[in-house]
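Engineer: need a 3D model of the following:
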Amino acid sequence: MQSKNEQESQIEKISDPSQIAHLLKKLREERAIFTAKIPKKEGQYTTAIIDVDAQHQWIKLDELAPNAGHEQFLQHKKLHLYTKHRGVEIHLALQLQSVSRDKNIAYYLVNFPEVLDYHQRRDHFRVQVPRTAGLRLAVYNTDKKECKGEVKDLSTGGLGARMEGHLDAQLGDRFPRCRLLLPENAPLILDLVVCFIRFQESSRQTQLGAQFEKISSADHKLLTRIIAGLQRDLIRKQR
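Structural biologist: Modelled structure (predicted):
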């Protein structure tokens, strides 16, 4: 049976500096709070990103709270940060470069990470979509041109698709009013948030993984029926 439970985790190690910077800037804009841990030390602290400079290879962090975290960081100079962004767990390891104060509040300059762990925990049942099902996805690229592709797997929480050509997006980007094209129903209009994206030069296609954002109860019910039908078809083929 070609289906899977989305409770399985998928960890992607992102090493592209532009992708890391893009995601960290989104987290800064959304004022994400990070849990901070000092390696081999007990205790958890909180901080936030103040600024990101990929060109000069640094990140500016707010002072750790409570103050015991600040003192430990100054002593050990290493830090692990954790946060959750649109259902995805993010982790990065950092090294202290310098510390300064502004209006008696400390801030830190830390190294720009070489790798960022992007840990997607899927909470919905996902079914593989055969080509014969005819499920297609249409999104508008940054140049306002429509980009279409085949849906490869589907759940009530998101989808995977193989898009035609180069889809200009990065992790965490949002595609509003995408159309999920259904053979026997009117298209579903959905907002998507990018969880995985990779362009394949050889095939000139983009592999896309995305979560649905703010899906309505009616659309949720329709997706549930579609997924159940796909699952029944897969079971029949294996008998």
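Engineer: paired strands for the lengthiest strand in the chain, with orientation please.
Structural biologist: If you go by DSSP state E, the chain has its longest strand at strand 88-102. Strand 88-102 pairs in its sheet with strand 78-85 (antiparallel), strand 105-111 (antiparallel), strand 116-121 (antiparallel), by DSSP bridges.
Engineer: tell me how many other residues surround A32.
Structural biologist: Counted with other CB atoms under 10 Å, the neighbours of A32 add up to 16. Bear in mind the C-beta positions are built from the backbone N, C-alpha and C, glycine included.
Engineer: give me the pLDDT for the closest residue to it other than its chain neighbours.
Structural biologist: Excluding the flanking residues, the one nearest A32 by CB to CB, 6 or more residues apart in numbering is T83, at 5.1 Å. Looking at T83, its pLDDT reads 92.
Engineer: cool, K40 as well?
Structural biologist: Per-residue pLDDT puts K40 at 87.
Engineer: look up how far P176 lies from it.
Structural biologist: Computed with CB to CB, to the nearest Å, the distance linking K40 and P176 is 44 Å.
Engineer: model confidence for the residue lying closest to Q170 once chain neighbours are set aside, exactly?
Structural biologist: Counting by CB to CB, 6+ apart, Q170 lies nearest to H22, which is 4.5 Å off, once chain neighbours are set aside. As predicted, H22 sits at a pLDDT of 87.
Engineer: state the three-state secondary structure for H22.
Structural biologist: helix (DSSP: H, G, I helix; E, B strand; the rest coil).
Engineer: how about K221?
Structural biologist: Strictly by three-state DSSP, K221 counts as helix.
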